[in-house]
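**Student:** I'd like to go over a predicted model; first the sequence, then the structure.
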There are 2 protein chains.
Amino acid sequence: MPEAQYPEIRALNLFAGMAEANFQSLMRGAYVQNFPPQIELIGEGEPSDFLHVVLSGSVDLFSTWNRRDTNMATVRPISTFILAATINSAPYLMSARTLEKSRIVLIPSQDVRTIFDVDRNFARAIVTELAQCYRSVIKAQKDLKLRTSLERLANYLLRQQRRAGGGAAFDLDFEKRRLASMLGMTPENLSRAFKGLQTYGVSVEGTHISISDQVDLERFAKPNPLIDDFST
Amino acid sequence: MPEAQYPEIRALNLFAGMAEANFQSLMRGAYVQNFPPQIELIGEGEPSDFLHVVLSGSVDLFSTWNRRDTNMATVRPISTFILAATINSAPYLMSARTLEKSRIVLIPSQDVRTIFDVDRNFARAIVTELAQCYRSVIKAQKDLKLRTSLERLANYLLRQQRRAGGGAAFDLDFEKRRLASMLGMTPENLSRAFKGLQTYGVSVEGTHISISDQVDLERFAKPNPLIDDFST
DNA sequence: CAGAAGGCTTGATCTAGATCAAGCCGAGCT
DNA sequence: AGCTCGGCTTGATCTAGATCAAGCCTTCTG
């Protein structure tokens, strides 16, 4: 891998604390690659040869059974995916495809396991990351099982609003059909859901959202840190 | 904690490989307790003071939001729960209650984190366990999102059959209302689902199940190791 | 500029499963 | 034995969301 990439990667939580020699040794086998949208990166059931880290873009994790499929999670920078499979040398449980143009680091799983055993700080970082992945999945599952589609959309808008700086107006950063998929609903129902939120002061023009009555929307959405807060 | 408990706990994957001194040090702060059924052990949002290990019985993990609640997972012996919260010193995302009389080890979270940093084998075991928890949740989510309730029941019966030795007849080890909850359906629908499986040669008498046409049931259920196999 | 294509919206229908409302039946008790 | 209580079943209805089927509008292309 070209050395120019190092500093950016080294700065990630996962690698920041480890010994330089171990980092170098990890990087020797790793490479960074740019993928176009809609590329299938891995398929479920395959052996877990590489740990993946999303540097930019976004990746959809999905699963298939009996001709049905469902998206399980969306990975945004900067975080890893299929860490659990890598750690346990187990086959992938999910498939992954890029949603948009994405930059991804691939690190051979064997190297990750080796360095894990010799670098205490790396071990700590791995386990923290893994715990975070676990908690993200749990949060997503709570969102899905406890809320209606209207409530999910309302809470998504509040989260997105915060990410965009907190102002009353902001833009969606996905096209709507992708948003629908991320929220676990069809494009048709997303369209209807947007209409349903008009009652609470939400107006939509293309990808531009404005919230005229913050309090009312929050009273409806009932955001909860144990579901909506990504940091904890 | 009474020393008599040690060997049984020491034999668990989580503790088997660690240095004796570290194990002793963990056990000094730990204790084993028997709980009656339906006791709420922890509540979501609380700080994660203890790592829990289920030795016998079973524990229901569930979540609540806006007066709704849903069960997220059922923990059977022998495994841990809320490991992720313990590792990250983060609040619990789920509540836990005993389903039946259960024996549970409680280990102070702070001790787990301390020993993690000094015992390489313990670190390895922790991360393996955590990865397994992660994968279990993913499997449960796939089961729920990709299958109808009839399919979930059919696959559950096949798994239970295997656990019971693989014979054509076996017993459920839960009462039906509990099974319904574990499968994410209402008791009413479970009842109807059992009727629906008669077509595939399943007959039910109380908690006793017999499968007259194994091949037909499997053709319907389409069991898949990436969902139904607990070992991988 | 015209045409096509793809995403968005809207309405109509369908479906899995939940909920509501009785009955049923076996176990334990007086 | 007769009663009661709790879990199970059964049927009827309800609902969130999916699916199907158009039309619409913007953007891209020849």
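**Tutor:** That came in fine, so what should we check first?

**Student:** At the geometric centre of chain A, which residue sits there?
**Tutor:** Note on chain A: the residue nearest the mean C-alpha position is residue A:75, at 2.1 Å, using Cα atoms, centre = their mean.

**Student:** Grab the nearest non-local neighbour of that one.
**Tutor:** Residue nearest to residue A:75 in three dimensions, not counting chain neighbours: residue A:59, with 4.4 Å by Cβ to Cβ, 6 or more residues apart in numbering or on different chains. Every residue, glycine included, has its C-beta placed from N, CA and C.

**Student:** Any idea how many residues pack against the one you found?
**Tutor:** Other residues near residue A:59 come to 24 when the count uses other Cβ atoms under 10 Å in any protein chain shown.

**Student:** where do the helices sit along chain A?
**Tutor:** A:6-10, A:13-16, A:20-29, A:83-88, A:109-118, A:120-146, A:149-163, A:176-182, A:187-197, A:214-221, A:225-228 (DSSP state H).

**Student:** near DNA strand D at all, the longest one?
**Tutor:** So that's helix A:120-146. No. Judged by Cβ under 7 Å from any atom of the strand, helix A:120-146 and DNA strand D are separated, with a smallest distance of 8.9 Å.

**Student:** Of all the helices of chain A, which one is nearest residue B:144?
**Tutor:** Minimum separation from residue B:144 across the helices of chain A (Cβ to Cβ) falls at helix A:120-146, 8.2 Å.

**Student:** Take the helices of chain A and lay them out in JSON lines including distance to chain B, mean pLDDT and mean neighbour count.
**Tutor:** Below are those laid out as JSON lines (distance: least, Cβ to the nearest Cβ, whole Å; pLDDT from 0 to 100; neighbours: other Cβ atoms under 10 Å in any protein chain shown):
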{"stretch": "helix A:6-10", "distance to chain B": "21", "mean pLDDT": "85", "mean neighbour count": "14"}
{"stretch": "helix A:13-16", "distance to chain B": "12", "mean pLDDT": "94", "mean neighbour count": "17"}
{"stretch": "helix A:20-29", "distance to chain B": "14", "mean pLDDT": "95", "mean neighbour count": "16"}
{"stretch": "helix A:83-88", "distance to chain B": "4", "mean pLDDT": "95", "mean neighbour count": "25"}
{"stretch": "helix A:109-118", "distance to chain B": "6", "mean pLDDT": "95", "mean neighbour count": "17"}
{"stretch": "helix A:120-146", "distance to chain B": "4", "mean pLDDT": "94", "mean neighbour count": "20"}
{"stretch": "helix A:149-163", "distance to chain B": "8", "mean pLDDT": "96", "mean neighbour count": "19"}
{"stretch": "helix A:176-182", "distance to chain B": "13", "mean pLDDT": "91", "mean neighbour count": "17"}
{"stretch": "helix A:187-197", "distance to chain B": "16", "mean pLDDT": "97", "mean neighbour count": "16"}
{"stretch": "helix A:214-221", "distance to chain B": "10", "mean pLDDT": "97", "mean neighbour count": "16"}
{"stretch": "helix A:225-228", "distance to chain B": "6", "mean pLDDT": "96", "mean neighbour count": "18"}
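
**Student:** Quick one, which of these gets closest to residue A:55.
**Tutor:** Once the helices of chain A are compared by Cβ to Cβ, helix A:6-10 is nearest, at 7.3 Å.

**Student:** Right, I'll call it a day here.
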